[in-house]
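got a sequence here, can you build the structure:
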Amino acid sequence: MPDWLEISLRTLLSLIVLFLLTKLLGKRQVSQLSFFEYITGITIGSLAAYISLDLEANWYLGIVSLAVWVLASLGIEFLQLKSKSARNWIDSKATVLIKDGKILEDNMKKERLTTDELLEQLRKRSVFKTADVEFAIMEPSGDINVLLKKEHQPLTPAHLGIKVGPEQEPQAVIMDGNIMDEPLATLGLSRQWLQTELEKTGVTVENVYLGQVDSYGQLYVDLYDDQLQVPEPQQKASLLAVLKKCEADLEMFALTTKDQQAKNMYGQCSKQLEKMIQDVKPSLIR
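Numbers count the residues shown, from 1 in each chain. Below is the predicted model of the structure:
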């Protein structure tokens, strides 16, 4: 067999074996690597190159070595799942770098991290002053996570005591100008509904690069032509405005009528409508 053909077949075999073994190791092997997983990844890559190019050695010995490394890695992962002490010894513990706005120099030296590197990692998280940091910790993976002090954290609806409705995953119903029937069926919608919504915005399905429907049944579209502006759906805002107008009208009727029975009826209806608005408002303001 010619050398070029043997190398091609070995490379293809290495690719298939490497893919299957990596699938066996799981997603963590390609996302966050521990020290041992880092070593395993390098070694497996070297073994795959050995299988592909070393024509003087038996190819199956490389496969055996790959299998041993993968089994050893799986054994280590199983041990880490069962033992906290094993996790601490293999992956090491997280290290606190900043506490109450103060940099812990001893921990910085322990991790061999310079001030410039720390500031760079903070800037990646939109933090430019260490005094604003309540807590910063270096994870075993090497990532630095930051908790800002209360007064420097972004304002959320929870801080204001505002309740908001739950949000579910939007469904892509149009991709590259083609209607996706499965997501539409998941939402309980039809092509006729989609065409009606597109007509409201004045666009055709062929001009839509991406169309998404949120959990409240509102369609958002991104067009191929970025110069065209498409208005966002206003159904929820319009409904909230109508409900508030009805409440205001009922309250005005209660204040202006001289009939005591009608005044009580309008007043009671206004309070009931106000309570209903408060109940549905979290879903209408998203």
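
only C-alpha atoms from now on, for both contacts and neighbour counts.
Will do.

all strands for the protein, in order.
Secondary structure of the chain, counting by DSSP state E: strands at 95-99, 102-103, 133-138, 144-148, 171-175, 178-179, 208-213, 219-223.

what residues does stretch 259-269 touch?
Defining contact as CA atoms under 8 Å, 6 or more residues apart in numbering, one finds that stretch 259-269 is touched by 250-251, 253-255, 257.

quick check on the residues you listed: which are buried?
Among the contacts of stretch 259-269, the ones that count as buried by 16 or more other CA atoms under 10 Å are 250-251, 253-254.

not counting sequence-adjacent ones, nearest residue to residue 176?
Distances taken as CA to CA, 6 or more residues apart in numbering put residue 209 closest to residue 176, at 4.6 Å, once the chain neighbours are dropped.

residues in contact with the residue nearest the centre of the chain?
Residue closest to the mean C-alpha point of the chain, counted by CA atoms, centre = their mean, is residue 169 at 10.6 Å. Neighbour list for residue 169: 214-215 [criterion: CA under 8 Å, 6+ apart].

for it, phi and psi?
In terms of degrees, to the nearest 10, the main-chain angles of residue 169 are phi -70, psi 130.

how far away is it from residue 88?
36 Å (CA to CA, to the nearest Å).

likewise for residue 143?
16 Å.

pretty sure residue 147 sits against residue 138.
No - with contact defined as CA atoms under 8 Å, residue 147 does not count as touching residue 138 (12.0 Å).

averaged pLDDT, stretch 178-194. What do you get?
The pLDDT scores in stretch 178-194 average 89.

try stretch 86-95
76.

pull the distance from it to the chain's centre.
Averaging C-alpha coordinates over stretch 86-95 and over its chain gives two centres that are 26 Å apart (CA atoms, centre = their mean, to the nearest Å).

kindly report the same for stretch 141-155.
18 Å.

list the contacts for residue 253?
Per CA under 8 Å, 6+ apart, neighbours of residue 253: 263, 266.

pLDDT at the residue nearest to residue 176, what is it?
Listed pLDDT for residue 209 reads 91.

show me this structure divided up by domain.
What automatic domain parsing lists as the domains of the chain is 3-88, 95-152, 171-230, 236-284.

reformat these as JSON lines; add distance to residue 158.
Putting the domains of the chain into JSON lines (distance: least, CA to CA, whole Å) gives the following:
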{"stretch": "domain 3-88", "distance to residue 158": "32"}
{"stretch": "domain 95-152", "distance to residue 158": "13"}
{"stretch": "domain 171-230", "distance to residue 158": "21"}
{"stretch": "domain 236-284", "distance to residue 158": "12"}
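
closest one to residue 163 among those?
domain 236-284 (5.5 Å; CA to CA).
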